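J.: give the three-dimensional model of this entry:
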Amino acid sequence: MKIKQICVLGGSGFVGSAIVHRLSAAGYLVKVLTRRREASKHLILLPNVQVVECDVMDDQALRTHLTGCDGVINLIGILHESRKASFEAMHAELPSRLVQLCVKLGVCRLLHMSALQAAPDAPSAYLRSKAKGEAAVLANADRLNVTIFRPSVIFGRNDSFLNLFASLVKLMPVVALAKPQARFQPVWVEDVAQAFTNAIENAETFGQVYELGGPRVYTMKELILFVAFVLGKKRMVVGLNDKLSYLQAYALEKMPVKLMTRDNLSSMEVDSVTSAPFPAVLGVTPTALEAVVPEYLTNDTPRNAYNRFRGLAGR
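T.: Residues are numbered from 1 along each chain as shown. Predicted structure coming up:
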């Protein structure tokens with residue numbers, strides 16, 4: 001099977017941008033579907049990349065742009081529901097419609113982004129909707145070469161995870177933390193991008209579901225303390241019990257910009273930790289968080305980071 005042209009849904013986002021860069025460098029012709037072309041200026045000048053505006057909820061528009069493609073990568077996902085976008089529509093209905101269109105149009109390859117711990121009986125609507133999307137994709141594995149990826153939290157220069165922690169640490173002398181013992185296995189965005197790229201034409205990955213995690217597991221509190229250390233800030237982190245965590249999530253849910261919701265809190269009831277090492281078939285050795293995060297949180301050179309760590313250690 002030879003893949004030449006790939007259509008990427010959600011290609012202008014944090015993870016999508018990294019994947020599109022890798023695909024372009026590998027020589028694939030890439031079509032990025034986006035709601036607003038202006039928001040994808042960072043991709044427009046890449047070799048072999050075409051950025052087009054498309055409402056992916058419109059089947060006719062989606063059909064038009066999928067026609068002639070050999071493969072599709074679906075990265076569309078939301079962390080918070082809104083009046084315009086629900087978990088059901090984005091995580092369950094869209095993958096179902098997409099896989100049917102791929103079959104009808106003769107698209108031979110589909111790579112789909114899900115989430116670690118997605119399950120029909122998961123504690124959050126987010127994870128349950130992700131499980132529905134997985135089921136829709138796998139139901140067509142006999143008619144289409146599909147691969148599903150289930151990452152833990154993804155970190156990188158433009159992430160909304162550790163960068164959010166950095167903002168909190170900079171602003172607050174005391175950090176009140178919901179679910180302080182929730183466990184994560186953060187994976188670098190570039191490792192995820194490389195895994196997707198390596199899998200595209202690898203027949204061993206057809207019909208498979210892969211869990212993606214970094215080399216180490218952290219609690220939420222450990223991550224906050226690590227970010228504070230990197231920034232050279234001494235902060236008190238106060239872990240909230242379940243009741244106070246719920247109240248904090250409820251209050252944050254009502255803000256104009258949602259930093260956390262009660263559904264996010266429910267997702268953290270299950271550890272975002274893989275059941276096995278990073279799949280060898282994907283050809284990626286996962287990168288340690290400590291090797292990447294200091295540079296982008298502080299915009300440090302390795303030498304400056306080294307000197308700062310020596311200072312914090314009193315040397």
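J.: where in the stretch 151-300 of the chain is pLDDT low?
T.: For the stretch 151-300 of the chain, the stretches with pLDDT under 70 are 300.
J.: quick one: the helices in it, in order.
T.: Ranges of helices within the stretch 151-300 of the chain are 162-171, 189-199, 220-231, 242-253, 262-267, 293-298, based on DSSP state H, counting those that start in this stretch.
J.: okay, the ones you listed, which one's buried deepest?
T.: helix 189-199 (a mean of 22; mean count of other Cβ atoms under 10 Å). C-beta: built from backbone N, CA, C; applies to glycine.
J.: helices or strands up against that one?
T.: helix 14-25, strand 145-151, strand 154-155, strand 208-212 (3 or more Cβ pairs under 8 Å, 6 or more residues apart in numbering; DSSP states H and E).
J.: which of those sits closest to Ile73?
T.: Across the helices and strands packed on helix 189-199, Ile73 has its closest neighbour in helix 14-25 (6.6 Å, Cβ to Cβ).
J.: need the contact list for Gly27.
T.: Applying Cβ atoms under 8 Å, 6 or more residues apart in numbering, one finds that Gly27 lies in contact with Asn48.
J.: actually Val187, not the one I wrote
T.: Pro151, Ser152, Val153, Ile154, Phe155, Leu212, Gly213, Gly214, Pro286.
J.: please apply the same query to Met90.
T.: Under the criterion of Cβ under 8 Å, 6+ apart, the neighbours of Met90 are Ile76, Gly77, Ile78, Ser129.
J.: quick one, phi psi at it?
T.: The phi/psi pair for Met90 (degrees, to the nearest 10) reads phi -80, psi -40.
J.: what's the spacing between it and Asp263?
T.: Remark: distance between Met90 and Asp263 (Cβ to Cβ, to the nearest Å) = 14 Å.
J.: quick check: the two most widely separated of the contacts of Val187?
T.: Applying Cβ to Cβ across the contacts of Val187, the maximum distance is between Val153 and Pro286, 13.2 Å.
J.: where do the helices sit along the stretch 1-150 of the chain?
T.: Using DSSP H, counting those that start in this stretch, the helices of the stretch 1-150 of the chain run over 14-25, 41-44, 59-66, 87, 94-105, 125-138.
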